[in-house]
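# generate coordinates for the sequence data below:
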Amino acid sequence: MTATLSPVRRRGLMLVLSSPSGAGKTTIARQILADDPVLVMSVSSTTRPPRPGEQPGVDYNFVAIEKFQAMVQAGEMLEHAKVFDNYYGTPAAKVREALASGRDVLFDIDWQGTQQLRQSARSDMASIFILPPAVAELERRLRERAQDSPDVVAKRMAKAGDEMSHWPEYDYIVVNHTLATSVASVQAILTAERLRRDRQVGLAAFVNGLRGES
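Here you go, the predicted structure:
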């Protein structure tokens, strides 16, 4: 799917993807971004060190814990949470700039961050929870990606059940059997959300213009 800018002025949308670690939300997010020029990624800040292959400013903004806490205290974060002994958060400035220009912003965050976004910007967001097809498959994916030690994998598996219990808080649920079908599902959701009448803030002017042409 290749998105184009609409002739109708539209308010930007925050599209949230969440899942237990290893369920595939980051892979899905990368594919969606590659296919959609109207969509931009919200780059989170984190206090954890980079994993192999991660690029500062692209995958995450890697910051010291003191700087992270200062940003929180200054009200510069849309949301923030502590996950596996590290802090994660979304800097607000670039997100607000993108939304104001009619761009859509993709979030790869957990349920804690989603709850905070919902409290402050419910009308501007749509949330999707990605589930694995089976627990055994989730563990296999975590081990095969080889980003974490066996102890960390065990911690992620132990926490997966609690993370999955938050599925009722989301607008949409996608079971990630295959990447292709999951990407297609997320793209369909994004298309539908963009067409919501209340998001198309220039619709009245557009329709009046059409009527004036008749």
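# what are the contacting residues of the lowest-mean-pLDDT helix or strand in the chain?
Least confident helix or strand, the chain: helix 135-145 with a mean of 81, by mean pLDDT, DSSP states H and E. Residues outside helix 135-145 that contact it (C-beta atoms under 8 Å, 6 or more residues apart in numbering) are P20, S21, G22, A23, G24, P132, D148, V153, R156, M157, A160. All C-beta spots, glycine's among them, are computed from the backbone N, C-alpha and C.
# now, which of the residues you listed sits nearest F84?
For those, the closest approach to F84 (C-beta to C-beta) belongs to R156, at 7.5 Å.
# give me the neighbour count for the closest one.
Neighbour count for R156, taken as other C-beta atoms under 10 Å: 19.
# ok, it - contacts?
Going by C-beta under 8 Å, 6+ apart, the list of residues near R156 reads P20, S21, G22, F84, L142, D148.
# coming back round to it: mind listing what's buried in the least confident helix or strand of the chain?
By neighbour count on 16 or more other C-beta atoms under 10 Å, the buried set for helix 135-145 is L138, E139, R141, L142.
# again with stretch 43-50
Residues of stretch 43-50 classed as buried by neighbour count (16+ other C-beta under 10 Å): V43, S44, S45, T46, T47.
# tell me which of these fall in strands.
S45, T46 (DSSP state E).
# who's K82 bridged to?
Partner residues in beta bridges with K82, using DSSP bridges, are Y87.
# next one: L106
In this entry, L106 is beta-bridged to L15, M41, by DSSP bridges.
# retrieve the pLDDT associated with it.
The score at L106 is 96. That number is its pLDDT.
# again, but for G24
pLDDT at G24 comes out at 86.
# measure it to P132 for me?
7 Å (C-beta to C-beta, to the nearest Å).
# mutual contacts of these two, please.
Counting by C-beta under 8 Å, 6+ apart, the contacts common to G24 and P132 are R141, N176.
# about what we covered before: what is the nearest of the buried residues of stretch 43-50 to W167?
S44 (21.6 Å).
# for that closest one, give me its contacts.
Counting by C-beta under 8 Å, 6+ apart, S44 has contacts Y60, N61, Y88, G89, T90, P91, D108, I109.
# look at A126 and give its secondary structure.
Assigned with DSSP: H, G, I helix; E, B strand; the rest coil, A126 falls in the strand class.
# give me the number of residues near it?
Around A126 there are 19 other residues, counting by other C-beta under 10 Å.
# that one pairs with what?
Taking DSSP bridges as the rule, A126 bridges to L15.
# okay but it is in contact with A188, surely?
No - A126 lies out of contact with A188 (C-beta atoms under 8 Å); the separation is 11.8 Å.
# on that earlier part again, take the contacts of R156 and keep only those in helices.
With helices taken from DSSP state H, the overlap with the contacts of R156 comprises L142.
# tell me the one of the contacts of R156 nearest G202?
Distances from G202 to the contacts of R156, taken as C-beta to C-beta, are shortest for P20 (38.9 Å).
# now that closest one: how far from I130?
Computed with C-beta to C-beta, the distance linking P20 and I130 is 8 Å.
# how near is S120 to T90?
Taken as C-beta to C-beta, the span from S120 to T90 is 11 Å.
# which of the contacts of helix 135-145 has the most neighbours?
Neighbour tally across the contacts of helix 135-145 (other C-beta under 10 Å): the maximum, 27 neighbours, falls on A23.
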